[in-house]
Structures are given as C-alpha cells and as structure tokens.
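J.: build me a model from this:
(2 chains)
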Amino acid sequence: MATVKLRDVRKSYGDVEVIKGVDIDIEDGEFVVFVGPSGCGKSTLLRMIAGLEDITDGTLEIDGARMNDLEPSKRGIAMVFQSYAIFPHMTVRENVAFGLTINKVSKAEKAEKVAEAARILQMEHLLERRPSELSGGQRQRVAIGRAIVRDPKVFLFDEPLSNLDAALRMDMRMEIGKLHQDLGASMIYVTHDQVEAMTLADKIVVLKDGQVMQSGAPMELYHEPANLFVAGFLGAPSMNFLKVTVDDFGDDWVQVSSAALASVKVPRKGRPFSTGQEATLGIRPQYLAAAAEGEGMLKGNVVLTERLGSETVVNMAVSDGSNCIASIAEDAVLIPGNEMSWTFDPALAHVFPEQVK
Amino acid sequence: MATINPDNRGLRLAVRYLVLTLIALIFIFPLVFMVMSSLKPDLQLLRDTSSLRAFLPVGDISLDNYYNAFSRVPIAQFMFNSLFVTATTVFLSLLLCSLAAFSFVFLNWSGKNVALAIIIATLIIPFETIAIPLLLFVSKLPWIGMEGLTFGWLDTYRVQIIPLVADGLTIFLFVQYFRDLPRDLIEASRVEGASWMQIYLRVVMPLSGPILATAAILKFLAMYNQYLWPLMVVQQEAYRPVMVGVQYFFQLSTAWGEIMAYLTIITIPVLAFYLVLQRAFIASIASTGVKG
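T.: Presented below is the predicted three-dimensional model:
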C-alpha cells in the first residue's frame, strides 16, 4: 500500500512531446483510473510509472521516495498487461510463482503464496495447466495472480479487459473491484472504456493529448465536467451538445438561446463568457423529457428509437440540423418522423465557452 | 472457369500426386545415383551413366568399393573430427549468436544499429576473400594449453572451430525471431525482477525452439561441408575432417566407385541430424501465449 505522486511528468520521443506535464496524486489504497481516447498517452503514463518507459522530465514518487531511475522490479509495483503476458512454456503455477522463483523465495513460502493467490482468484484447479489450455478470462486471472503474489505497493493494470468478450468483461470488472476491496492496495487502471472507469474508480483521471483534462471522483466528473471534452467523454449515451449564443450573463448564470432552443438560464460555474459569443450547451440524454405540445424548450423530429428494456433511447433531429439523443422511460412509444417538444431542467445543463466541432 | 465436379476430385488428386512425385524424383535422383554407383565397379559405373541403368542396382553388384574406401581413408578418424568440430561449432554458435541477437533486440546501447548493420553486411563477403588473411592471422595466434603458451593455431581443432563460430546469418536469424517475440513477455519478466540473463535463459530460450532448430541445421550443414578452410589449416590426418578426405581418391587415378561409397557413408550423419531436428522443429511450434 502506498501513495503515488506525479509532478510535472513529461515524456518526449525526440522532438515529439507525448506527455505534457502531468500532476497526479494517488492516495493510499485508492483505485485510480486513467481514461481517454486512444493515443492520449494513458498507457505511456502507466508504463512510465512501471519503469518500462523513461521519464523525460518531472518526478515520480511512490511512498515518498523518488522512483525515476529505479528498475521496474525495485519500485514495488506489479503490472497486468493487456495481452496478459503469461509465459506459454510454463504451467499456471510456474507463471504465478515466476517472480518468487527469480527472487529465490523459499519453496514453502512460494507454495503458500501461490495457494493464497489461487484461492483469491478461484483457480486452484488450473494450477497444473498450460496457458494454451486456458480461456481468455482464465489467462487474465493467471496474470492477476502473478501480480498478487508479489504483494506490491501499487497494482498497475493496462487495459486488462479489452481482449475479453462483453459478458466476461463485466464479470472480471466486478472481480477486479472486489479484489481492490479485499486487498486494499493502491491500483492504477488504464482503459478507454468509460463504463469501466465509472464503475471501478475512486478517482478518474481523464487524459487527452498527454494532458490531464480533469481528475476527481466519477460522479463529480459526471455532474461537474470541467470542459467540453470531459463532458462528452463520460456518460452513455454521451452528452448532447447544442450550438448556442450567449444573450446575457450574470455572476452565476448565463442566458443562452439558438434557432432551435428557447432562451434558458443555466449555471455559469465561473466560466468566462461575453455577450453575443458562440458557446455550447450540454444536456445529458437522461435529463431530456417529453413536454406537452407548445410548452417545450426544444423541438426535434424523431429519427429512430431504440428500446433497451430499462429505457428507450430516442434519436432526433433538432431544427438547427444537429442531432440529439434523449433517454426516456421504458414504455414510451414514439413514431419516427413525428415532431416532439422536449424540456429539461436548466440547472442540470452545462454551458461551455468552447464550440463543438 | 470449370466448376469442380466431385467425380473429378480423384483425378485432380492423382495429377497432383504425380506432379509432386516427379519433383521429388528430380531431387532424389542424384542420391539414388550416388548409392547405386557405390555398388558398381568403375567400368560398369561409367558405362551405365549413358542409360537409366545408372539409377538401378543391376550388373556386377558388390560392397567392394566400401571395403576399399575404408582401407584407403581413415574414415572413423575423419568422421570423429568432423562431428566433433561441427557439434562444438554448432553449440557455440547457437549460444553466442543468440546472446548477440538478444543484446541487439532487447538491450539499449548506443551504436547498436550501426553494429548490427555491419554484421549483416558481412553476409555479402565471400569466405574466399578473407581466407588468406585469416590463415596468416591464425598461424600466429597465441594459445595457452597443456604445453603452456604456444603460437600458431594450425593443425588443431580450435582453428577449425573458433574462427567460424560467429556468423552474420545466424545472428540475423535470431534477431528476426526475437523481434517477433511478444514484447510484453520481456517487460513482464522485468517487472517481476528477472535479470537480463534470467530473461534470456528462462523466457527467451525456451520460446526459441523453432529458430534454434533452424539455425542448428544451417550451421551443421555449413560446418560439415567445410572444405577450403580445413584444407588450408590442417595438414595432419589426426585433425582432418571428412570432406577433405575426398581428395584421397583423386591421387593416381580417380576411383569413382570408391568416391561414391565414401560419399554415401559421410551423407548419413547429415540425414540423421536433419531427421532428428525436423521432429524437434515441428514439436516446438508452440502457442505464443499471448491473447485469447
């Protein structure tokens, strides 16, 4: 168990800077998820913490000690790779015990630790098998087992579930969550899947182009996204963005409108605006509700409805040409082509000074 | 395009096997000719070359040529020399070339790309161009052995082994193979605390069965077929390999039947070695252990 501290961490390949000054604090026992689109630098950042990539500039501390120049094995970390990286020529037992064998741990202690890891992961019956005889989920378990026996201060997971099918992914996600509860160790988890991030994390770090866009508790990021990117990245279906013009603003409110949208006052949240500027209004699909004829703030033609059982996702074309999605109660029956009025609570909407592309 | 008629399938298969058999025959004819000729006296052997009889065990068949070949050449001694030199060289070559390739692929050191380029460039230099300078070089090299410090490596086993251990082709083969090994396996080993030597011994080598077999076969053939170099550096029968032994049959008159008998005998280890490693080669194609 340990704290991890990154201060102005940078990484360059030649002239190309891929990590552009990242500051992150990870508390003891915290489950932190790095999330972002592919190429955002999240895996590189994890590999820098692991010691598999050099840190060009800045400092990395684990438990208060500077780690920049230490070998991966000296940092007190264990890593689970996307490809599992288990050794095909060894049995599961030999794989799990690999680090212990290398470090000449006594046979008794090795057997005990392997048994303990196998018990936690419920894979006692697999110990004598070879990786080629295992399913994807079982291989992932072996990889996690190998991490557990090292008793690391920090667990690092690099997209561990992306090679599994959807059903198995959900099971393993829950198992990893439970593992974190049981072990209480600090964990850093990289994924591009915002569902994994939302469900597992104590803290999410959203990355884009090698920079931290926002970090905080999942619900904090969900409800109070700091910028357009975070707002659009977290939440499924993703947030609706409408082009609007700022009509007026006060200390804590902004009034916006557009051709498709009646004038609304939404919270300003300290962002800079000027009257007449183009801005973006964000509304989560869950907060849109059908309104009685003539009372809505927004009009849209129903294009497509997807009935998921627990909810119905309505895809509609708004009169200014943009697309909007509403997620409404399960029993709604809507006819494609119908024009409908929609309403929402302005207090739950966001307005960003940036413009959607 | 004609569609595949089920009735034609048998015919197509027959044609395919016929073609394959013909190709196989083209490759096997020289061997058959060698073995058949080894059983015939010279006069008949030369006469048979004008007809298909050259490939058939007909006429005056005996093992006389083998008897004469054994009495003319110390085959057992030459065979031991060849096998000792070849086996030692193959072992050392696999060890050193795989270590070199490991360093080129997995370790970071400045100038390694240039060094690798130079090694690969040596592939285009024929051995004949360096044979004379190398001869002058090894004839003056020091060695510490049973007799203390001596100079000159001529007429030894080591002169046939050490200069030929490392070669660009073997290093290149290992480099190519190592580059295709999953990087994650190496990184996982590093995270687990394995040293580079442990990674080499416990992870990379156990996964290198196919390339070890390939490199061993190529090196074995190259070494077993050495002719020019041992001819230059070995004068004593005690260290002479089998290939150089062929010249014993060209002295007064050329004894073709005996040459064929001799060649038949010295071909056996090559075939045996190939058959053994061919099995290892197939058996060692294991799953890569990465992804599901």
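
J.: what about stretch A:272-284, average pLDDT?
T.: What stretch A:272-284 shows for mean pLDDT is 91.

J.: swap in stretch A:155-168?
T.: 88.

J.: now do stretch B:96-113
T.: 95.

J.: next: stretch A:13-21.
T.: Per-residue scores along stretch A:13-21 average to 92.

J.: then it to PDB, C-alphas only?
T.: Provided in PDB are the C-alpha atoms of stretch A:13-21 (Å, rounded to 0.1, in the frame of the first residue of the first chain):
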ATOM      1  CA  TYR A  13      10.300  10.900 -28.200                       C
ATOM      2  CA  GLY A  14      12.800  13.100 -29.900                       C
ATOM      3  CA  ASP A  15      11.100  16.400 -30.600                       C
ATOM      4  CA  VAL A  16       7.600  15.000 -30.000                       C
ATOM      5  CA  GLU A  17       6.200  15.500 -26.600                       C
ATOM      6  CA  VAL A  18       3.600  12.900 -25.800                       C
ATOM      7  CA  ILE A  19       3.100  13.500 -22.000                       C
ATOM      8  CA  LYS A  20       3.000  17.300 -21.400                       C
ATOM      9  CA  GLY A  21       3.400  17.900 -17.700                       C
END
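
J.: and it, which residues are buried?
T.: Within stretch A:13-21, the residues scored as buried using 16 or more other CB atoms under 10 Å in any protein chain shown are A:17-19. Glycine gets a C-beta too; all of them are placed from N, C-alpha and C.

J.: now do stretch B:199-215
T.: B:199-200, B:202-205, B:207-215.

J.: what does stretch B:239-257 give?
T.: In stretch B:239-257, counting by 16+ other CB under 10 Å, buried: B:239-245, B:248-249, B:255-257.

J.: what of stretch A:109-127?
T.: Residues of stretch A:109-127 classed as buried: A:110, A:113-114, A:117-118, A:120-121, A:123, A:126-127 (neighbour count, 16+ other CB under 10 Å).

J.: neighbours of A:Pro346, how many?
T.: Other residues near A:Pro346 come to 19 when the count uses other CB atoms under 10 Å in any protein chain shown.

J.: try A:Thr91
T.: Counted with other CB under 10 Å, the neighbours of A:Thr91 add up to 17.

J.: about what we covered before: format the buried residues of stretch A:109-127 as TSV; extra columns: secondary structure.
T.: Converted to TSV, the buried residues of stretch A:109-127 look like this (DSSP: H, G, I helix; E, B strand; the rest coil):
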residue	secondary structure
A:Lys110	helix
A:Lys113	helix
A:Val114	helix
A:Ala117	helix
A:Ala118	helix
A:Ile120	helix
A:Leu121	coil
A:Met123	coil
A:Leu126	helix
A:Leu127	coil
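
J.: of the buried residues of stretch B:239-257, closest to B:Ala166?
T.: Among those, B:Pro241 lies closest to B:Ala166 (CB to CB), at 19.7 Å.

J.: who's in contact with the closest residue to that closest one other than its chain neighbours?
T.: Leaving aside its chain neighbours, B:Pro241 sits nearest to B:Ser82 (4.0 Å; criterion: CB to CB, 6 or more residues apart in numbering or on different chains). When contacts are counted by CB atoms under 8 Å, 6 or more residues apart in numbering or on different chains, B:Ser82 touches B:224, B:241-243, B:266, B:269.

J.: ok, A:Ala260 next?
T.: By CB under 8 Å, 6+ apart, A:Ala260 lies in contact with A:242, A:298-299, A:318-320, A:322.

J.: apply 10 Å and report the result again.
T.: Taking CB atoms under 10 Å, 6 or more residues apart in numbering or on different chains, we find A:Ala260 in contact with A:242-244, A:297-300, A:317-322, A:324.
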